[in-house]
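A.B. asks: mind folding the following:
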Amino acid sequence: VEVFCFVFFGSVCSTSTLGSLVKNEVEIKETVSILLWSLAAAMRSFAQRISHIAVMPRTQTLARLTALRALFANAPTVAGKNTQISAFLVPSKDAHQSEYIANCDKRRAFISGFTGSAGDAIVTATKAALFTDGRYFLQAENQLDENWTLIKCGTPGAPSEEDWLLKNIPPNSTVGVDPFLTSIEKFRTLKLTLEQAGHSLVSLAKNLVDEVWQHEKRPAAPSGEIFALGLDFAGLSFADKLVQVRAALGTRGASGVLLSGLDEVAWLFNLRGSDVNFNPVFFSYALVTHIDAILFVDEKRLSPDALASLGRLATVKSYDSVVEELRLRVPQLQALSDLFWVGPTCNMAIAEALSPLELLEEITPVYALKAIKNATELQGMRNCHVRDGAALCEFFAHLETLAAAAKGSVELPLDECAASDVLEGMRKKKENFVSLSFETIAGVGPNGAIIHYKPDPATCATLRTDRLFLCDSGAQYKDGTTDVTRTIHLGSPTPHEKRMFTLVLKGHIALAAAVFPEGVGGNQLDILARLPLFKNGLDYRHGTGHGVGSFLNVHEGPLGISKRASAAYPLRPGMIVTNEPGFYADGEFGIRIENVMEIVEAKTEFNFAGSRFFGLQSVTVVPYQKKLIDIAMLTHEEIAWINQYHSECRSLLAPHFSAAGRGDLVAWLEAATAPIAA
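C.D. replies: Numbers count the residues shown, from 1 in each chain. Down below sits the predicted model:
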């Protein structure tokens, strides 16, 4: 910038215009100097403002799309014939319908360049479209190149995948899918839609993206060790869990159940692995009947303890043999009952192997059982959140120290990536730490408005004292899983930032303080967290809460809190769910406040019609930054709730810091949790 200014003003100085403004060479030099540094300062200021908006790297996808389309003319089908297709679907999920997937399964990211965890792609002979939800609109806009059309699902006028497909394929077309990556429901819906319009749907024998990817060093499948999780963490033995599952089979009259969700298998067998980043699961299926149990997994990956833990309760067969084994077992299963249980994660390849059995397509008994934590799991969740909260408090105290030492500079000697690494390092020191539970979302200013922002070392922003900083992070410990978001300001927040933060906090408190009767689902509670924003014409484009596993997936069903009907699953004591409303001003800042909550029995004066009433209790123990709270906007009840929560944080965290000899953190905690007053 400064070299450019020197050249530019040097040429200007030679003109008679500038010469007429000054009387001698000294004045010319002084004038040039003033203009030079003024412009340079202005350009530096502008550069600082735009530098906070991360420009995510874009993958050029034309060559990959061209190679994929070349395979359309002679695509192999599971029926043993080759056929010409007009379109191919590329979902974001793996054969187990996992939200987070192994690197070798990131087909949608490979073909599109979009790396968000949710979103499906459709490629036709001439077009390509990416469908994703509001969490990823900004990210997708940044990452997709000119060969892709972004469909913003849930916005007015946005077509469904089926509608878009019908408008972009010629008459009498055949559409191809990978049956292992397509759920039963998705396959059925798409097949009906296509056939009603004169088209057809076909299952392919090979994934066409894999055929392209093999020429670009596709990552190898994971091969890490699978280990046993002891009873001191699991709380219930594999044998006891089998009894519960078989009781559920008997109640529904089913001959067996096929578990295809990776977390379902891990929970039932009390095993853990590392096949998917941040999720302690492993590639597997499981078949449970009234008389036996089969674990489909690569046996050589089982540690001696893991293999011994199975005893005579289960046999092990290879992961790749599941389809053939199920075909062979169909007559035996049919002799017991025509009804066979599969869950929402069951793919079409499995379903076709189970024909002609009648499929009970409901959440499996394992999916429901693991959502209600046992006493050991609940205590483990509480314990690990204290350690995790201590790490976060140490991190925020560290940032405040850096800000105080900045001595007038708005920039801290730390960028988003480095900050994430510092926080991870603090967590690693805690007992029972295994890994992060997801990639840390550390967003400065405008980057915080990207709901699932991922800092990139090449483009990440520097932490500043004049911008909000959103930090959404979590960890996997052997005794539990954490997920917490705090938004802080390392300088002086503006009145507008304080107002938006307080609106989000009011919604967060309203949900945390809710009391509700048995049978209520998360879709009925969602409005509580949004109402303060609604009253001001505001909202956020994500759910308000999700279930959390016990040393399992950080996003766990079947429970949730959102507007969607899928969040109608009744909340019950022992369930763990997050409470995370937010506000996002595109190009400016993002605010989110998140606590992990336990569903508990509520103490009420009355019990209408004999009903039980439940409430939520915070498991997360990290103070809210008080300087961001506009106290004048709070009710007396909200102020009391904050003070009570901060008192709990102080009582749980202070002993931890004292035992570690960290008097500085005890002092920080006391200041951070000191009562507020109207």
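A.B. asks: the helices in the stretch 101-250 of the chain, which residues?
C.D. replies: All helices of the stretch 101-250 of the chain, identified by DSSP state H, counting those that start in this stretch, fall at 107-112, 137-143, 161-167, 184-196, 208-213, 231-234, 238-252.
A.B. asks: give me whichever of these is most buried.
C.D. replies: helix 107-112 (a mean of 24; mean count of other CB atoms under 10 Å). For glycine as for every other residue, the C-beta is placed from the backbone atoms N, C-alpha and C.
A.B. asks: just checking, what packs against that helix?
C.D. replies: Under the contact definition 3 or more CB pairs under 8 Å, 6 or more residues apart in numbering; DSSP states H and E, helix 107-112 sits against helix 62-70, strand 87-90, strand 120-124, helix 208-213.
A.B. asks: and that helix, what's its mean pLDDT?
C.D. replies: On average, the pLDDT along helix 107-112 is 97.
A.B. asks: what residues does it touch?
C.D. replies: Contacts with helix 107-112, where a contact means CB atoms under 8 Å, 6 or more residues apart in numbering, come from 59, 61, 64-65, 68, 90-92, 114-115, 119-121, 123, 128, 130, 143-144, 148, 181, 207, 209-210, 212-213, 216, 218.
A.B. asks: how about a cut-off of 7 Å?
C.D. replies: Around helix 107-112, the neighbours that count as contacts under CB atoms under 7 Å, 6 or more residues apart in numbering are 61, 64, 68, 90-92, 115, 119-121, 130, 144, 148, 207, 209, 213.
A.B. asks: ok, of the residues you listed, which one's closest to residue 246?
C.D. replies: Of all the contacts of helix 107-112, residue 91 has the smallest distance to residue 246: 32.7 Å, by CB to CB.
A.B. asks: count the neighbours of the closest one for me.
C.D. replies: 20 (other CB atoms under 10 Å).
A.B. asks: pretty sure it sits against residue 119.
C.D. replies: No - at 8.9 Å, residue 91 and residue 119 do not qualify as touching, with contact defined as CB atoms under 7 Å.
A.B. asks: quick one on the thing from earlier: closest to residue 432 out of the contacts of helix 107-112?
C.D. replies: residue 115 (29.9 Å).
A.B. asks: ok, back up a step: so which of the helices and strands packed on helix 107-112 is nearest residue 610?
C.D. replies: The nearest among the helices and strands packed on helix 107-112, by CB to CB, is strand 120-124 at 45.7 Å.
A.B. asks: other SSEs contacting the closest one?
C.D. replies: strand 87-90, helix 107-112, strand 128-132, helix 161-167 (3 or more CB pairs under 7 Å, 6 or more residues apart in numbering; DSSP states H and E).
A.B. asks: who does that strand pair up with?
C.D. replies: strand 87-90 (antiparallel), strand 128-132 (antiparallel) (DSSP bridges).
A.B. asks: residue 590: which of the helices and strands packed on strand 120-124 is closest?
C.D. replies: Of all the helices and strands packed on strand 120-124, strand 128-132 comes closest under CB to CB, at 17.6 Å.
A.B. asks: name the residues that touch the closest one?
C.D. replies: Residues contacting strand 128-132 (CB under 7 Å, 6+ apart): 65, 112, 114, 116, 118-122, 140, 144, 147-151, 153, 161, 164.
A.B. asks: at 8 Å instead, please
C.D. replies: Residues contacting strand 128-132 (CB under 8 Å, 6+ apart): 61, 65, 112, 114, 116, 118-122, 140, 144, 147-153, 161, 164, 168.
A.B. asks: and these, which are buried?
C.D. replies: 61, 65, 112, 114, 116, 119-122, 140, 144, 147-148, 150-153, 161, 164, 168 (16 or more other CB atoms under 10 Å).
A.B. asks: what's the longest helix in the chain?
C.D. replies: Within the chain, and with DSSP state H defining each element, the longest helix by residue count is helix 375-404.
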